[in-house]
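>>> sequence unknown, structure follows:
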């Protein structure tokens, strides 16, 4: 059992969120796309509304052309740009039935009512790059993992924690090592395994020894009710 998401899980979760993405061809020219998400069969559906037409490229017959899909993983105010996700693969037109949308997204409605174009990206490799370094993940690994159950609602949970539940943050900060408690703690990430706090220093403070701290839950959670229960436990308001 993992105490934090694997890199593969982070990548798939980032692709599930409706972050803007760019498709680059070998000549380095990029085209902005509106939505990209795992399609459930190891491929990535790239949906392009008519007002954001993909740069005309000759996909031709066969498996498609080599491209790189790049997006910035964003969630919450404390971590507006946490990582860059790059997916290398083959892009082709998709004339099959549109993929099912993850909960909270509705690409089917977008496509049916806005005449959007659908493309299919078959990954070869994906790369996660953040402040801690980079890691490549093989396409076979990506096909075997699911997005975090809170990938689409993470931003709203983080916003609520920061702006409506200061008592939870204060209680969690009180559990940190003494050397880290004077710093401002902001919610920067939340997944089924725990809460991530970003520590920020005041102008007259030295930088903290570590900029982020993961606060694990007692066990992984998979529902809003279970998540609320774990957050209550962290704040001391629930059973531990």
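The structure has been received and is ready for your questions. Only a predicted model underlies this, so the values are computations on that prediction, with no experimental measurement involved.
>>> From now on I want contacts and neighbour counts done on CA atoms only, so please keep to that.
Will do.
>>> Any stretches of the chain with poor pLDDT?
Low-confidence segments of the chain, defined by pLDDT under 70: 1-2, 49-62, 76-80, 95-116, 237-240.
>>> What ranges does it have for its strands?
21-25, 30-33, 35-38, 44-48, 65-73, 83-93, 117-130, 133-138, 184-191, 194-200, 212-216 (DSSP state E).
>>> got the angle between the last one and strand 184-191?
Yep, that's strand 212-216 we're talking about. Using axes from the mean of the first three to the mean of the last three CA atoms, to 10 degrees, the inter-axis angle of strand 212-216 relative to strand 184-191 is 50 degrees.
>>> Same check on the fifth one?
With the same axes, to 10 degrees applied, the angle from strand 65-73 to strand 184-191 works out at 140 degrees.
>>> out of the strands of the chain, nearest to residue 224?
Smallest distance to residue 224 across the strands of the chain (CA to CA): 11.0 Å, for strand 184-191.
>>> which other residues reach that closest one?
With CA atoms under 8 Å, 6 or more residues apart in numbering as the contact definition, strand 184-191 has outside contacts at 5, 75-79, 148-151, 154, 157-158, 161-162, 169, 173, 195-202.
>>> Those, buried ones only, as a ChimeraX selection?
Filtering the contacts of strand 184-191 down to the buried ones (16 or more other CA atoms under 10 Å) takes a single ChimeraX command:
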select :5,75,76,78,79,148,149,150,151,154,157,158,161,162,169,173,195,196,197,198,199,200
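>>> To residue 232, which of the strands of the chain lies closest?
Taking these one by one with CA to CA, strand 194-200 is closest: 12.2 Å.
>>> elements contacting the closest one?
Strand 194-200 sits against strand 184-191, strand 212-216, with contacts defined as 3 or more CA pairs under 8 Å, 6 or more residues apart in numbering; DSSP states H and E.
>>> In a markdown table, list the ones you listed along with distance to residue 22.
Listed next are the helices and strands packed on strand 194-200 as a markdown table, based on distance: least, CA to CA, whole Å:
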| stretch | distance to residue 22 |
| --- | --- |
| strand 184-191 | 24 |
| strand 212-216 | 28 |
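>>> For those, could you give me JSON lines that also reports distance to residue 227 and mean neighbour count?
Below are these laid out as JSON lines (distance: least, CA to CA, whole Å; neighbours: other CA atoms under 10 Å):
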{"stretch": "strand 184-191", "distance to residue 227": "9", "mean neighbour count": "23"}
{"stretch": "strand 212-216", "distance to residue 227": "12", "mean neighbour count": "17"}
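>>> With residue 127 as the reference, name the closest of these.
When those are compared by CA to CA, strand 184-191 sits nearest residue 127, at 19.4 Å.
>>> any idea how far that closest one is from the chain center?
Distance of strand 184-191 from the chain centroid (CA atoms, centre = their mean, to the nearest Å) equals 14 Å.
>>> in its sheet, what does it sit against?
The pairing partners recorded for strand 184-191 under DSSP bridges are strand 194-200 (antiparallel).
>>> how is the chain carved up into domains?
7-142, 154-235 (automatic domain parsing).
>>> can you tell me the distance between the two ends of the last one?
Which is domain 154-235. Its start and end residues considered, domain 154-235 measures 19 Å (CA to CA, to the nearest Å).
>>> for the longest one, same thing?
Using CA to CA, the gap from the first to the last residue of domain 7-142 comes to 9 Å.
>>> begin at 6 from here
In the new numbering, first residue 6, that becomes domain 12-147.
>>> List the residues that contact residue 173.
Residue 173 neighbours (CA under 8 Å, 6+ apart): 166, 236-237, 239-240.
>>> From these, list just the buried residues.
Buried by 16+ other CA under 10 Å: 166, 236, 239-240, out of the contacts of residue 173.
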